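Visitor: got a sequence here, can you model it:
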Amino acid sequence: MRKNQEIVLRIKDLSSKGFGVGRAENGQAVFVAGAFAGDLVKVRLLKLKKSYAYAKIVQLIEPSADRLSANDKKICPASADCGGCQFQELEYSAQLKYKENLLKNAFSKIGNIENAPISPIIAMQTPYDYRSKATFPIGMVKGKPVVGMYAYNSHRVVPVSHCNIQKPVCRSLIKAVSGLLSEIPVSVYDETTHKGLLRHLVVRTGAEDVAVIFVINGTKLPDADKWISVLKNVLGENFSLIINANTSKTNVIFTDKFTILHGSGYIYETVGHIKYRISHKSFFQVNPAQAHRLFDIAASHLDKDDRVLDAYSGIGAIALYIAAKVREVVCIELIESAVEDGIFNANLNGISNVSFELGAAEEIIPDILDRGFDAIILDPPRKGCDSKILSSIIKQRIPKIIYVSCDPATFARDIANLCEGGYSLEQVTPVDMFPMTRHVESVGVLRLWR
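Guide: Numbers count the residues shown, from 1 in each chain. Modelled structure (predicted):
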């Protein structure tokens, strides 16, 4: 095989990254973005490695039975170029099956756990209009400033006017911001020259309010009054306008330099019986409807006399939700603004049995696990749990673990380590927090058995 060669493939499977996988005549695996199991495609080889290759679709010869028809109104108009979603053109039932299989394969191949107790995935009733946070790069396309998304595996900005996984108010904002960009003299950041002002538009939506954040290569937003006026026309009075000064040559979006130009800087979200205040710097689940179901799963495995440690608590989203069902929750969180939000939210909801400790989980947890906790909640970032934390849990023999994961590979790895240390995996429940993408959230429940 050679670069730019065109070959015909029958796609047999989907990879963990969401690529269609076919086999060339020489047996090599070929990974194809936008291809689904069952597709017959002509592809052009883009990158060749020793045992595999990457390719792009040149012609869809025969579509998979799971592929939506090209004129289906559910398909996002930007899906062909945008790198945000992998599965806009895949039937939702097939997306769910893929995610269940992704978990099964991770446990089998990475965790060496065959026949893991995985429950059917919890689907969204309507898998659109769900995201409460969006990050849009701002770039120049054909000499005009545009708001968009990056094309897959690049920093080329694809204009986006309608993103069907974002809340409707976010789509209205995209149009309003795009309109004003064409009217006022404001420069757009260029990664190559490190010149230009506007870098990203970040939108966070609450139940009734919105935070609009411009990431800028500078310290001031020109024509701020015009921006506020335009945003008022779209959002009314319940919004904040915030700038984040990022003058570094970096792909990291935010620095710690925020300035509030209008509003409080907070949004409010309600999940079940709990109301949360969320600062512009704090993490919160981007799909509140499915977060409700995830939190219910966690709560269902706890008892009224449990003393619970929440190891990566954030603003206390799960801790506050389960507080009424348990005796006490102690939260560990690294980000100071998240701890401030958590304490505020405990008071907001009249909760007195949840406390917060500021610091890194891997540094604090080994020293406090001897306080007699009955259960620990682990909700780590994608990289999974620090080995110190897992070793401390095993050493202290915490009776019950509830592990919330956003990455099947690190989830399976950590669960395997805990099982080797004396725990039994009772249940894994996948929750589709991110429809139209390859990502899946899961809740695992483990109990000490030896």
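Visitor: what about residue 209, neighbour count?
Guide: Close neighbours of residue 209, defined as other Cβ atoms under 10 Å, add up to 21. For the C-beta atoms, the positions are set from N, CA and C on the backbone; glycine is no exception.
Visitor: could you measure from it over to residue 171?
Guide: According to Cβ to Cβ, to the nearest Å, residue 209 stands 17 Å off from residue 171.
Visitor: quick one: contacts of the lengthiest strand in the chain?
Guide: Ranked by residue count and defined by DSSP state E, the top strand of the chain is strand 52-62. For strand 52-62, contacts defined as Cβ atoms under 8 Å, 6 or more residues apart in numbering pick out 1, 6-9, 19, 24, 28-35, 39-47.
Visitor: rerun that using 6 Å as the cut-off
Guide: Under the contact criterion Cβ atoms under 6 Å, 6 or more residues apart in numbering, strand 52-62 has outside partners 6, 28-32, 34, 40-47.
Visitor: who does it pair up with?
Guide: The strands that strand 52-62 pairs with in its sheet are strand 29-32 (parallel), strand 40-48 (antiparallel) (by DSSP bridges).
Visitor: buried subset of the contacts of strand 52-62, written for PyMOL?
Guide: To isolate the buried members of the contacts of strand 52-62 in PyMOL, using 16 or more other Cβ atoms under 10 Å:
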select buried, resi 28+29+30+31+32+34+40+41+43+45
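Visitor: of the contacts of strand 52-62, which pair is most distant in space?
Guide: Maximum pairwise distance among the contacts of strand 52-62 (Cβ to Cβ): 21.9 Å, between 40 and 47.
Visitor: for burial, what's the neighbour tally of residue 125?
Guide: Residues contacting residue 125 under the criterion other Cβ under 10 Å number 6.
Visitor: residues contacting it?
Guide: Per Cβ under 6 Å, 6+ apart, neighbours of residue 125: none.
Visitor: for residue 177, see how far away it is.
Guide: Using Cβ to Cβ, residue 125 is found at 30 Å from residue 177.
Visitor: and for residue 171?
Guide: 11 Å.
Visitor: and what of residue 99?
Guide: If you measure residue 99 against residue 177 using Cβ to Cβ, the figure is 33 Å.
Visitor: spatially nearest residue to residue 320 (excluding sequence neighbours)?
Guide: residue 274 (5.1 Å; Cβ to Cβ, 6 or more residues apart in numbering).
Visitor: over to residue 200?
Guide: Per Cβ to Cβ, 6+ apart, closest to residue 200 is residue 215, 4.0 Å.
Visitor: now mean pLDDT too, for the strands paired with strand 52-62, in TSV please.
Guide: Shown next, in TSV, are the strands paired with strand 52-62 (pLDDT from 0 to 100):
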stretch	mean pLDDT
strand 29-32	96
strand 40-48	96
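Visitor: let's have those strands in JSON lines, adding distance to residue 278.
Guide: Rendered in JSON lines, the data for these read as follows (distance: least, Cβ to Cβ, whole Å):
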{"stretch": "strand 29-32", "distance to residue 278": "37"}
{"stretch": "strand 40-48", "distance to residue 278": "40"}
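Visitor: perfect, that will be all.
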